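Participant: Prediction below, plus the sequence it came from.
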Amino acid sequence: MRIPRRFTLGAFMLLITAVAVTFGYAAWRKQNLLAEVAALNDENMSVVKVTDSWFWPVPSEEVTVTWRKDNDGNFFDENTPVSLEEAKASYAELSRRLHAIGVREVRAGFEREKQENGQTIVWIQSYDNLDHVAP
């Protein structure tokens, strides 16, 4: 069976176009994902990691958005005191942005610390959302 030359050239051009569009979209997606992850990591004490894939990087499946909570029950975003309502609004916005980039589970967490035997012990107490946190 003989295939006409113009048909093979047209199919080849179509294949090249499909490959170029696929790789172009993957590069655009990777740049946007890495930029959004960098912005999210700068804005909050959360750590969003991205797989080291050159073609299709994926963010971590679970992220804990953290605030600091002192022994008096005051909340801090880095060193800035925040109210529970401000923390809830911030959590809602960060959760929306994290889900938009592909994070499946977003949890709220509070970094706690205590002194024990002359050492500072730090742990993260996490919640499914901030509705369970007492004011």
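Facilitator: That came in fine, so what should we check first? Residues are numbered from 1 along each chain as shown.

Participant: What are the boundaries of the strands in this structure?
Facilitator: Taking DSSP state E as the test, the strands found in the chain are 62-69, 75-77, 80-82, 105-116, 119-127.

Participant: Which neighbours in the sheet does the third one have, and how are they oriented?
Facilitator: In this case it means strand 80-82. Using DSSP bridges, strand 80-82 pairs in its sheet with strand 75-77 (antiparallel).

Participant: lowest-confidence stretch among the strands of the chain?
Facilitator: Per-stretch mean pLDDT for those is lowest at strand 119-127 (a mean of 74).

Participant: okay, that strand in CSV with CA atoms only?
Facilitator: Extracted in CSV, the C-alpha atoms of strand 119-127 (Å, rounded to 0.1, in the frame of the first residue of the first chain):
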residue,chain,number,x,y,z
GLN,A,119,15.0,22.7,76.5
THR,A,120,12.4,24.3,74.2
ILE,A,121,10.1,21.7,72.7
VAL,A,122,8.2,22.8,69.5
TRP,A,123,5.3,20.9,68.0
ILE,A,124,2.4,21.6,65.6
GLN,A,125,-1.1,21.0,66.8
SER,A,126,-3.2,20.6,63.6
TYR,A,127,-7.0,20.8,62.9
